[in-house]
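Engineer: Coordinates for the following, if possible.
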Amino acid sequence: MESSQPNPAQTHGPVWQRVQLARHPKRPHSLDYIGSLITGFQEIHGDRAFGDDAAIVCGMGLFEEQPLMIIGQQKGRDTKQKLIRNFGMPKPEGYRKAMRAMNLAAKFGRPIVTLLDTPGAYPGIDAEERGQAQAIALNLREMSRLGVPVIVVVIGEGGSGGALALGVGNRVYMFENAIYSVISPESCAAIIYRDAGKAEMAANALKLTAPDLKRLGLIDDIIPEPPGGAHENPAAAAELLRTTIRLALAELGKMTPQQLIDDRYDKFRRMGNFFTEVGA
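Structural biologist: Purely as a prediction, here's the structure:
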């Protein structure tokens, strides 16, 4: 039997340990959380332009009797599912499907919850030919304009623009052992150190853990995980996520559409600003 990995938050282990937990093969995926938290889920397929992308799952359902739109990146569990889901790496049609679903939610005034879990957008030639960069850029722009609450949760890996294309929210949360970064540690090490084997060193430099990002003001809060990680008790992890979503919906539900847009705009404008003006 596979031994449980220790909880880095309890053992004060290295950053690399969190990276391993974020990628754990038994870690709950988007469909696991949707199955636990959403009733009457009706999946939406296709972007109405090219096809359907199984790496992104989206649909309407009820969260504690409140209708909402939930969109998640899905990696797949076994080899067959991983191939179907393209290892959780969306193509342009996936991002366009997600945007179609978000526009539908905005039309009917329904909150949006997105679950981020991808090593990054698919970099293949076919994706580039169909406008991968444009699809991501369009999502970034359009998500900033939505007049409904948008709640973002990094449940595993948040890889680069592939994750950020679903990540422009009023509230952005991360699970305790999730990671969120502009590049994977392996790719960063290959570029900076000319050695992908130095991924652990790169992970430390990237500041990709939830505590790092909370300290830098890039996320709003950290969702705790059961001892050993979310994969040790998926049901408990789902309940912790339930509490976070419930509180966020209650807070954001008091805002008008324009207030939600302004809140989102101000939030992202503040990111990366580490200077304050000093009066004369």
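
Engineer: make it CA atoms for all contacts and neighbour counts henceforth
Structural biologist: Will do.

Engineer: what helix or strand is Gln20 on?
Structural biologist: With elements delineated by DSSP states H and E, Gln20 resides in helix 15-22, which encompasses its position.

Engineer: Pull the distance from that helix to the chain's centre.
Structural biologist: In terms of Cα atoms, centre = their mean, to the nearest Å, the centre of helix 15-22 is found 16 Å from the chain centre.

Engineer: Please pull up the helix or strand immediately following that helix.
Structural biologist: Per DSSP H and E, the first helix or strand lying C-terminal to helix 15-22 is helix 30-37.

Engineer: what's the distance between that next one and the middle of its chain?
Structural biologist: Using Cα atoms, centre = their mean, the distance from the centre of helix 30-37 to the centre of the chain it belongs to is 14 Å.

Engineer: Which parts of that helix count as buried, going by neighbours?
Structural biologist: Neighbour-count burial for helix 30-37, with 16 or more other Cα atoms under 10 Å as criterion, is recorded at Ser30, Leu31, Tyr33, Ile34, Ser36, Leu37.

Engineer: elements contacting the helix holding Gln20?
Structural biologist: Using 3 or more Cα pairs under 8 Å, 6 or more residues apart in numbering; DSSP states H and E as the contact test, the elements touching helix 15-22 are strand 150-159, strand 179-181, helix 199-206.

Engineer: Could you rerun that using 10 Å?
Structural biologist: helix 8-11, strand 150-159, strand 179-181, helix 199-206 (3 or more Cα pairs under 10 Å, 6 or more residues apart in numbering; DSSP states H and E).

Engineer: In JSON lines: these, plus mean neighbour count, distance to Gly217 and mean pLDDT.
Structural biologist: Conversion of the helices and strands packed on helix 15-22 to JSON lines gives the following (neighbours: other Cα atoms under 10 Å; distance: least, Cα to Cα, whole Å; pLDDT from 0 to 100):
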{"stretch": "helix 8-11", "mean neighbour count": "14", "distance to Gly217": "19", "mean pLDDT": "40"}
{"stretch": "strand 150-159", "mean neighbour count": "28", "distance to Gly217": "15", "mean pLDDT": "96"}
{"stretch": "strand 179-181", "mean neighbour count": "27", "distance to Gly217": "13", "mean pLDDT": "95"}
{"stretch": "helix 199-206", "mean neighbour count": "18", "distance to Gly217": "15", "mean pLDDT": "92"}
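
Engineer: Can I get these in TSV including distance to Lys82?
Structural biologist: Listed next are the helices and strands packed on helix 15-22 as TSV, based on distance: least, Cα to Cα, whole Å:
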stretch	distance to Lys82
helix 8-11	27
strand 150-159	15
strand 179-181	20
helix 199-206	23
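
Engineer: Please point out which parts of the helix holding Gln20 sit buried.
Structural biologist: Burial within helix 15-22, assessed by neighbour count using 16+ other Cα under 10 Å, is assigned to Val15, Trp16, Gln17, Arg18, Val19, Leu21, Ala22.

Engineer: got a pLDDT number for the residue nearest the centre of the chain?
Structural biologist: Within the chain, one residue has its C-alpha closest to the average C-alpha position: by Cα atoms, centre = their mean, that is Leu116, at 1.9 Å. At Leu116 the predicted local confidence, pLDDT, stands at 98.
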